[in-house]
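Asks: Build me a model:
(chains A and B)
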Amino acid sequence: AQRVTQPEKLLSVFKGAPVELKCNYSYSGSPELFWYVQYSRQRLQLLLRHISRESIKGFTADLNKGETSFHLKKPFAQEEDSAMYYCALRLGGTSYGKLTFGQGTILTVHP
Amino acid sequence: SAVISQKPSRDICQRGTSLTIQCQVDSQVTMMFWYRQQPGQSLTLIATANQGSEATYESGFVIDKFPISRPNLTFSTLTVSNMSPEDSSIYLCSVDGLAGVRSYNEQFFGPGTRLTVL
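Replies: Numbers count the residues shown, from 1 in each chain, chains lettered A, B, ... in the order given. Okay, the predicted model is just below:
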């Protein structure tokens, strides 16, 4: 069965410091990976997806199939980055569309 | 993008009663899903709401407890039946695949319904 692991439940950094939120996955199929973010009192929203290789709000994530990882990185964290971050794996085949979420990481960026 | 609304936004219910949650999308979508987020936990998929046919449930979830309807491509309901305090969670609907539009591989989420069972 597929699994997404985010080893850090809490992560604290100071403003301007680099930040990396870890995500590892296990899936027998071809993975589609996403990072979702939930700011305080807002709904869950997509931050970025591996397939588009884009950078959103300064965040990037590279899919490493060898290490089965999809870590989220930002070189200089900002206070407004404080939020809950979820890594998610999208299934394919007959289960297309279903998302499996990691446990989430609460990022706090201190001034 | 798709705009998704859910009703109610929150409710407090008595043990043994049932609550129906509505999910409305402003455009036709191919897939609709229902997730549960228990306190301090991540999101867990309950079922896929299929238009015109029975929902497809994930392991650990059954139709008698979580009946789902999807009468058309823009609307779905989830009922939490015979509730117990363990059902206290946030319930979210999500949509994927805007009908008639090239897929951007993005799943949109509703604001969630916060349910407390006493």
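Asks: Low-confidence bits of chain A, can you list those?
Replies: Along chain A, the parts satisfying pLDDT under 70 run over A:93-95.
Asks: Show me which residues of chain B sit near chain A.
Replies: Residues of chain B lying close to chain A by Cβ under 8 Å from any Cβ of the partner chain are B:31, B:33, B:41-45, B:48, B:92, B:94, B:96-97, B:105-112. For glycine as for every other residue, the C-beta is placed from the backbone atoms N, C-alpha and C.
Asks: which SS class is the most centrally placed residue in chain B?
Replies: Taking Cα atoms, centre = their mean, the centroid of chain B lies closest to residue B:34, which sits 3.2 Å from it. Secondary structure of residue B:34, reduced to three states by DSSP: H, G, I helix; E, B strand; the rest coil: strand.
Asks: List the contacts of it.
Replies: The contact partners of residue B:34, by Cβ atoms under 8 Å, 6 or more residues apart in numbering or on different chains, come to B:23, B:45-47, B:49, B:66, B:68, B:76, B:78, B:91-94.
Asks: which of those lies closest to chain A?
Replies: Minimum distance to chain A across the contacts of residue B:34 is 5.7 Å, recorded for residue B:45 (Cβ to the nearest Cβ).
Asks: quick one: contacts of the helix or strand containing the closest one?
Replies: Element membership for residue B:45, per DSSP states H and E: strand B:43-49. Residues from elsewhere that reach strand B:43-49 (Cβ under 8 Å, 6+ apart): A:44, A:86, A:97-101, B:31-38, B:55-58, B:61, B:66, B:68-70, B:76, B:78, B:91-93.
Asks: Can you report how many residues lie near residue A:35?
Replies: 23 (other Cβ atoms under 10 Å in any protein chain shown).
Asks: actually residue B:55, not the one I typed
Replies: 21.
Asks: Now do it against residue A:83, distance only.
Replies: 31 Å (Cβ to Cβ, to the nearest Å).
Asks: again with residue B:29
Replies: From residue B:29 to residue A:83 the distance is 26 Å (Cβ to Cβ).
Asks: neighbour count winner among the two?
Replies: residue B:29 (23 against 20).
Asks: Can you tell me, leaving aside adjacent residues, what's nearest to that one?
Replies: Nearest residue to residue B:29 in three dimensions, chain neighbours excluded: residue B:95, at 4.1 Å (Cβ to Cβ, 6 or more residues apart in numbering or on different chains).
Asks: isn't the one you found right up against residue B:6?
Replies: No: the pair residue B:95 / residue B:6 is not scored as a contact, 11.6 Å apart, by Cβ atoms under 8 Å.
Asks: I'd like the next helix or strand past the strand holding residue B:45.
Replies: Strand B:43-49 is succeeded, C-terminally, by strand B:56-57 (DSSP H and E).
Asks: tell me the angle of the following helix or strand past that next one relative to strand B:43-49?
Replies: Downstream of strand B:56-57, the first helix or strand assigned by DSSP H and E is strand B:68-72. Strand B:68-72 runs at 50 degrees relative to strand B:43-49, counting by axes from the mean of the first three to the mean of the last three Cα atoms, to 10 degrees.
Asks: For strand B:68-72, which strands pair with it and how are they oriented?
Replies: Strand pairing for strand B:68-72, determined by DSSP bridges: strand B:75-80 (antiparallel).
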